[in-house]
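Engineer: here is my input; please provide its structure:
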Amino acid sequence: MWRSCLIWIVLLGVGMSVQAQDQEWIYPVQPGDTLWDISTEYLQDATHWLDLQTRHHIADPQRLPPGLALRIPLEWLKVQPAPVRVKHVLGRASVAHADGTTAELQVGAVLTLGDEVRTAAQAAVMLEFADGSQLLVRADSRLRLDTVLAYGKTGMVHTRIRLLRGRSEAQVKPKRGAGDRFELETPANVSAVRGTEFRAGMDEDTGLARTEVATGMVAVSGAEVLHEISAGFGVLTKVGEPPGPPAALLPGPVLAELPAMLEALPLVIGFDAVADAVAYRIHISAADQPLLPVHAQLTADTTVQVSELADGNYVLHVRAIDAQGMEGLDGERAFILHANPPPPRALTPEADVTVQRAYFSWQPTAEAAAYRIQLADDPAFAQPRHDFTTDTPLWQPPQPLAKGVYYWRVAAVDAAGKRGPYSAVHRLEVNPVSWWPVAVFLLIAGVLML
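Structural biologist: Numbers count the residues shown, from 1 in each chain. The predicted structure follows:
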């Protein structure tokens, strides 16, 4: 009996120790630090230097050993509102302030506590928090900032946001200390994360919340029940009920090969069907902004076309969606698009013709300020005979081309000097008229007539 009591006392002590550590910030003393300097820099009340001296049994508060780990309770630290900045806005989005006023959402805007972000159909908003974490608010969503606080200059941020409707995707920075918290709440559950990529959705009509974990771990709680969800798993939670059992997310679709450089639109996206998938989300992002979609669509097809896309470096993301609306892992493919300005249509000479003398022309394009033409002996254009820029849609070689086979192509150059992709390669054969047989015949005829 006494052994059981002893074990419970030990466990209780350990639990209280862990809980205390979870409420403390550890500050490593730097050379030259004093307790007074640390207190005035980080604490709400500078007189706490006396408490720090007592807690750590420090003899001289003016001379601290470098590297000493000071355990500082979180409630002693300075706290102030942390800024939430709008990094990107695609489509129509607005913000509703706590005082009841609304405004169109603009890039660079700073949001405060109580602000509610609202996105229209086909819209998206990227938010960046004080610790560098990012959150994408997808189309037809409502999301409110409930808590965004920074613990002075410690780098720790406490963020709590509420997704009222729609979908969001987050990349959360790793935890820096006990005060670092990122919580996403829906009417059905709360997801607490650190150093994680995860997605959350809330369906107002069904009362279902969806949590999907791409990397790391997410603690999902609801109705006094908590589940830890690992990467590659998701969970459904109904309002008023505990989270359901974690379920494996659908695998990323196997995407068809794409050339490293694409020089024409439309972009054709093909992928293998995923078992148990009822739909797919297509998401194209800039290579340096993987969360932000420059093109997004939902489809039931495994082949789609994208007709409008600016030149740039991109990553294609495709994920499968199951019958419960849970979105799976991403299949990804990086590519570079270089399709603009579009190439002119070559007119003459036509492909695979034989001419006595070559004259070149092409259809003018509205995007072109000039044209780049190449003529070579081989279709790879390893060493072009002619390679130059002209502002007219026609060209005649300065010297007639000798007999032989040639290849030519033309590209548009815009007003900024950017060359677009080349047109299709045209092959031609030059076979000039030879006059010496005619001259010999006339000479022989003249002799015979004498």
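
Engineer: buried sites along stretch 365-372?
Structural biologist: 365, 368, 371-372 (16 or more other C-beta atoms under 10 Å). C-beta here means a position set from N, CA and C on the backbone, and glycine is covered the same way.

Engineer: list the contacts of stretch 34-48.
Structural biologist: Contact with stretch 34-48 is made by 27, 29, 49, 52-53, 58, 61-64, 70, 72, 76-79, 152-154, as judged by C-beta atoms under 8 Å, 6 or more residues apart in numbering.

Engineer: next, give phi and psi for residue 356.
Structural biologist: For residue 356, the backbone dihedrals (degrees, to the nearest 10) come out as phi -80, psi -40.

Engineer: could you pull out the helices for the stretch 1-150 of the chain?
Structural biologist: Taking DSSP state H, counting those that start in this stretch as the test, the helices found in the stretch 1-150 of the chain are 2-22, 35-42, 49-56.

Engineer: identify the single longest strand in this structure, thanks.
Structural biologist: Under DSSP state E, the strand in the chain containing the largest number of residues is strand 157-171.

Engineer: export it as CSV, just CAs?
Structural biologist: The C-alpha coordinates for strand 157-171 follow below in CSV (Å, rounded to 0.1, in the frame of the first residue of the first chain):
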residue,chain,number,x,y,z
VAL,A,157,4.0,34.0,-30.4
HIS,A,158,0.6,32.7,-29.2
THR,A,159,-1.8,32.5,-32.2
ARG,A,160,-5.4,31.3,-32.0
ILE,A,161,-7.7,31.6,-35.1
ARG,A,162,-11.2,30.4,-35.7
LEU,A,163,-12.3,28.9,-39.0
LEU,A,164,-16.0,29.5,-39.2
ARG,A,165,-16.5,28.2,-42.7
GLY,A,166,-14.5,26.9,-45.6
ARG,A,167,-10.9,25.6,-45.9
SER,A,168,-7.5,26.7,-44.8
GLU,A,169,-3.9,25.4,-45.1
ALA,A,170,-1.1,26.3,-42.8
GLN,A,171,2.7,26.0,-42.6
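
Engineer: start the count at 12 instead of 1 going forward.
Structural biologist: Understood, numbering begins at 12; the last thing we discussed is strand 168-182.

Engineer: which parts of it are buried?
Structural biologist: 168-174, 176-182.

Engineer: partner strands of that strand, with direction?
Structural biologist: As defined by DSSP bridges, the strand partners of strand 168-182 come to strand 145-148 (antiparallel), strand 153-161 (antiparallel), strand 192-196 (parallel), strand 208-214 (antiparallel).

Engineer: deepest-packed of these, please.
Structural biologist: With neighbours taken as mean count of other C-beta atoms under 10 Å, these reach their highest mean count in strand 145-148, at a mean of 24.

Engineer: what sits up against that strand?
Structural biologist: So strand 145-148 is in contact with 98, 104, 128, 130, 135-140, 154, 172, 177, 179-182, 302-304, going by C-beta under 8 Å, 6+ apart.

Engineer: list the residues that contact residue 181.
Structural biologist: Residue 181 makes contact with 144-147, 193, 195, 204, 207-211, according to C-beta under 8 Å, 6+ apart.

Engineer: low-confidence ranges, the protein, go.
Structural biologist: Counting by pLDDT under 70, the chain shows low-confidence ranges at 12-33, 444-461.

Engineer: let me know how buried the residue nearest to residue 387 when sequence neighbours are not counted is, in neighbour terms.
Structural biologist: Distances taken as C-beta to C-beta, 6 or more residues apart in numbering place residue 395 nearest to residue 387, at 4.4 Å, with adjacent residues excluded. Residue 395: 16 surrounding residues under other C-beta atoms under 10 Å.

Engineer: these two touch, right, residue 395 and residue 386?
Structural biologist: Yes - with contact defined as C-beta atoms under 8 Å, residue 395 and residue 386 form a contacting pair (6.2 Å).

Engineer: the strands in the stretch 162-311 of the chain, which residues?
Structural biologist: Secondary structure of the stretch 162-311 of the chain (DSSP state E, counting those that start in this stretch): strands located at 168-182, 192-196, 201-204, 208-214, 219-226, 228-233, 236-241, 244-249, 258-259, 272-273, 278-281, 290-297, 304-310.

Engineer: make TSV out of those and add distance to residue 325.
Structural biologist: Shown next, in TSV, are the strands of the stretch 162-311 of the chain (distance: least, C-beta to C-beta, whole Å):
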stretch	distance to residue 325
strand 168-182	17
strand 192-196	28
strand 201-204	27
strand 208-214	19
strand 219-226	19
strand 228-233	28
strand 236-241	30
strand 244-249	26
strand 258-259	29
strand 272-273	9
strand 278-281	9
strand 290-297	5
strand 304-310	7
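
Engineer: for residue 356, find the nearest of those.
Structural biologist: Across the strands of the stretch 162-311 of the chain, residue 356 has its closest neighbour in strand 272-273 (19.3 Å, C-beta to C-beta).

Engineer: list the strands paired with the closest one, with their directions.
Structural biologist: strand 338-348 (parallel).

Engineer: show residues contacting the partner strand.
Structural biologist: Residues outside strand 338-348 that contact it (C-beta under 8 Å, 6+ apart): 210, 212, 221, 223, 225, 243, 260-266, 269-273, 276, 278, 282, 285, 288, 292, 294, 298, 320-333.

Engineer: check which residues of that strand are buried.
Structural biologist: Result for strand 338-348 [16+ other C-beta under 10 Å]: buried residues 338-344, 346, 348.

Engineer: for stretch 353-363, same thing?
Structural biologist: Taking 16+ other C-beta under 10 Å as the criterion, stretch 353-363 shows 353-355, 357, 360 as buried.

Engineer: including secondary structure, could these go into JSON lines?
Structural biologist: Below are these laid out as JSON lines (DSSP: H, G, I helix; E, B strand; the rest coil):
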{"residue": "353", "secondary structure": "coil"}
{"residue": "354", "secondary structure": "coil"}
{"residue": "355", "secondary structure": "coil"}
{"residue": "357", "secondary structure": "strand"}
{"residue": "360", "secondary structure": "coil"}
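
Engineer: so can I have JSON lines of those residues showing distance to residue 419?
Structural biologist: Shown next, in JSON lines, are the buried residues of stretch 353-363 (distance: C-beta to C-beta, whole Å):
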{"residue": "353", "distance to residue 419": "18"}
{"residue": "354", "distance to residue 419": "12"}
{"residue": "355", "distance to residue 419": "12"}
{"residue": "357", "distance to residue 419": "8"}
{"residue": "360", "distance to residue 419": "8"}
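
Engineer: nearest to residue 249 among these?
Structural biologist: residue 353 (51.1 Å).

Engineer: OK, contacts around residue 432?
Structural biologist: 274-275, 349-350, 353-354, 422.

Engineer: only the buried subset of the residues you listed, as a ChimeraX command please.
Structural biologist: To isolate the buried ones among these in ChimeraX, judged by 16+ other C-beta under 10 Å, type:
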select :274,350,353,354,422
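
Engineer: format the contacts of residue 432 as TSV; extra columns: distance to residue 53.
Structural biologist: As requested, the contacts of residue 432 are exported to TSV (distance: C-beta to C-beta, whole Å):
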residue	distance to residue 53
274	56
275	58
349	51
350	54
353	59
354	61
422	60
